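Peer 1: Could you look at this predicted model? Sequence included:
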Amino acid sequence: MRDISLDRTDDCGDCLGGERTPNERKTIMKFTVHRRENVPEPARETVSEIIDAWGFLPNLGAVMAESPAALDLLWAGYAALSAKATLSPVEQQLVCVVASRENGCGYRVAAHSTMALWAKMTPGVLRAAREGAEIDVSRLNALRVTTERLVRQRGWLSEADKEVFVAAGYQPGQLLEIIGWISMKLLTNYTNHVADPPVDVQWSAQAWDPPAR
């Protein structure tokens, strides 16, 4: 078990122009990277299902076990989007890589890059998705562009944006499927932002650092 702390200065010391030493900083929140044997009771069934499916408990799931409701939401969402998918596994992972990149989430870019390779995404397509560059497969490039615009524009698409998507051969229901995946990435990316769990060794070969803000 590992604890991840969020620290801040107390008494608004920075507002007065002074810097606090580490000993003067107050820890206001801790996130625990749980292990199977110490997860909260309401999360144990879902954690067991994750381990059975993946062979290990990713650090993201280990943190999210702190909120069994959030963990169940993630697991159910993934199950529905996978079981009833009309997007191919490569397309699903492309959406997840692009959305996570747009949200600046290194952990999830690394994880979904690994899964993209498992799904047989070509290295060139993956590289473009990670870099926000044009993909030389027109259908996949339209998917990249649409995902980027949905994230950047908070779901608002112009008629021209929709035309790019439709012209690539996609259907209205698939746009909603993309939004479903983006909603899952909102949950996982934001969790990683606030908890900052370490990247699992299983994803580390595809490590990615977000650009400086």
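Peer 2: Thanks, I have the structure now. Numbering: from 1, shown residues only.
Peer 1: can we go C-alpha only for contacts and neighbour counts from here?
Peer 2: Fine.
Peer 1: next one: the lengthiest helix in the chain to chain centre, how far?
Peer 2: Ordering each helix of the chain by length in residues (DSSP state H) puts helix 172-195 first. Centroid displacement of helix 172-195 relative to its chain, using C-alpha atoms, centre = their mean, to the nearest Å, is 7 Å.
Peer 1: Same question for stretch 197-206.
Peer 2: Taking C-alpha atoms, centre = their mean, one finds the center of stretch 197-206 at 13 Å from the center of the full chain.
Peer 1: picking up where we left off before, give me the packing partners of the longest helix of the chain, helices and strands only.
Peer 2: strand 2-8, helix 59-64, helix 68-83, helix 89-102, helix 106-118, helix 138-152 (3 or more C-alpha pairs under 8 Å, 6 or more residues apart in numbering; DSSP states H and E).
Peer 1: what angle separates it from helix 106-118?
Peer 2: Computed by axes from the mean of the first three to the mean of the last three C-alpha atoms, to 10 degrees, the angle separating helix 172-195 from helix 106-118 equals 140 degrees.
Peer 1: buried stuff in helix 172-195?
Peer 2: Using 16 or more other C-alpha atoms under 10 Å as the test for burial, helix 172-195 gives 175, 177-192, 195.
Peer 1: before we move on, what SS does Ile28 have?
Peer 2: strand (DSSP: H, G, I helix; E, B strand; the rest coil).
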